[in-house]
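A.B. asks: kindly return the folded structure for what I paste below:
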Amino acid sequence: MKSGTNLRIETIVSELFSQNAYVVWREGTASALIVDPGFDTDAIVSLVNHHHLDPLAILNTHGHADHIAGNARMKQAFPAAPLVIGRGDAPLLTDPQANLSAPFGMPITSPAADRLVDEGERLELAGFSFLVREIPGHSPGSVVFIADNETPPFVLSGDVLFSGSVGRTDFPGGSMKTLFQGIRDKLFLLPDAAVIYSGHGPTTTIGKEKRDNPYVGRDSDFALGGEG
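C.D. replies: Alright, predicted model coming up:
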């Protein structure tokens with residue numbers, strides 16, 4: 001999918017959980033980012049090689065198993081690319097109980113992070129500038145990567161915000177109130193045209209979710225003063 005003049009974002013959907021991994025780059029350049037590599041690592045590597053890309057980083061929005069399952073393969077295939085995750089979710093990478101893979105009977109561990117990021121940090125990677133915002137509630141330390149200098153801006157949101165939904169909050173470390181408040185305080189301040197690339201499902205926009213999202217939109221219980 002294209003957004004702006006030369007942005008290219010390709011989605012790789014991995015079963016078992018219909019999880020979205022992304023490869024992000026600018027047309028005409030080789031520098032790329034791999035975001036939340038899931039189980040279908042062959043498809044990710046094939047796409048990178050097909051377009052003759054050079055991954056400069058592997059970004060994890062959070063540490064749940066379906067979003068980190070491909071980390072080890074990506075590090076093997078692209079050893080120079082640092083693995084980046086929010087500080088609060090870094091322990092999940094190497095803990096199959098915490099990253100929820102062990103309860104499903106398929107314990108997964110990832111290499112440890114090469115770089116930890118914090119709230120408000122600015123990442124300059126592969127020709128993109130991302131503002132890091134921490135929005136816990138789905139996991140203890142979920143982060144979103146906001147390319148706020150693009151036209152329109154875009155957000156790699158992981159499992160924080162979906163088209164018509166939000167991330168589950170019934171996992172360990174989850175909090176519905178914290179998630180909802182983070183979305184409204186840190187995402188809904190973005191322009192309505194900002195595009196959301198979610199961890200599952202189709203893309204959406206900030207404007208659409210502000211209007212229509214039944215959990216955090218303008219007519220939701222949470223927006224009207226309830227707990228959501």
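
A.B. asks: quick one: contacts for Phe130?
C.D. replies: Residues counted as contacts of Phe130 (Cβ atoms under 8 Å, 6 or more residues apart in numbering) are 122-124, 145-147, 156. Every residue, glycine included, has its C-beta placed from N, CA and C.

A.B. asks: in TSV, list these along with secondary structure.
C.D. replies: Formatted as TSV, the contacts of Phe130 follow (DSSP: H, G, I helix; E, B strand; the rest coil):
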residue	secondary structure
Arg122	strand
Leu123	strand
Glu124	strand
Phe145	strand
Ile146	strand
Ala147	strand
Leu156	strand
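
A.B. asks: buried ones among the residues you listed?
C.D. replies: Burial by neighbour count, 16 or more other Cβ atoms under 10 Å: within these this picks out 123, 145-147, 156.

A.B. asks: list the contacts for the spatially most central residue of the chain?
C.D. replies: Nearest to the mean C-alpha position of the chain, by Cα atoms, centre = their mean, lies Gly158 at 2.9 Å. Each residue near Gly158 by Cβ under 8 Å, 6+ apart is listed here: 36, 61-62, 67, 138, 142-144, 167, 198-199.

A.B. asks: between the buried ones among the contacts of Phe130, which is closest to Pro103?
C.D. replies: Leu156 (26.1 Å; Cβ to Cβ).

A.B. asks: next SSE after the helix or strand bottoming out on mean pLDDT in the chain?
C.D. replies: For the chain, using mean pLDDT, DSSP states H and E, the weakest element among its helices and strands is strand 2-3, scoring a mean of 42. Sequence-wise, the next helix or strand downstream of strand 2-3 (DSSP states H and E) is strand 7-14.

A.B. asks: got the contact list for the helix or strand that that following strand is followed by?
C.D. replies: Reading on from strand 7-14 to the C-terminus, the next helix or strand found by DSSP H and E is strand 19-26. With contact meaning Cβ under 8 Å, 6+ apart, strand 19-26 is reached by 6-14, 31-40, 44, 47-48, 51, 53, 55, 66-67, 70, 126-128, 156, 197-201.

A.B. asks: with just CA atoms, put the top helix by length along the chain into PDB.
C.D. replies: The longest helix of the chain (DSSP state H) is helix 41-50. Coordinates of each C-alpha in helix 41-50 appear next as PDB, following Å, rounded to 0.1, in the frame of the first residue of the first chain:
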ATOM      1  CA  THR A  41       9.100 -15.600   8.000                       C
ATOM      2  CA  ASP A  42       9.600 -17.100   4.500                       C
ATOM      3  CA  ALA A  43       7.200 -14.500   3.000                       C
ATOM      4  CA  ILE A  44       9.000 -11.700   4.800                       C
ATOM      5  CA  VAL A  45      12.500 -12.700   3.600                       C
ATOM      6  CA  SER A  46      11.100 -13.400   0.100                       C
ATOM      7  CA  LEU A  47       9.600  -9.900  -0.100                       C
ATOM      8  CA  VAL A  48      12.800  -8.200   1.100                       C
ATOM      9  CA  ASN A  49      14.900 -10.100  -1.400                       C
ATOM     10  CA  HIS A  50      12.400  -9.600  -4.300                       C
END
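
A.B. asks: now the angle from that helix to strand 19-26?
C.D. replies: Between helix 41-50 and strand 19-26, the angle comes out at 10 degrees (axes from the mean of the first three to the mean of the last three Cα atoms, to 10 degrees).
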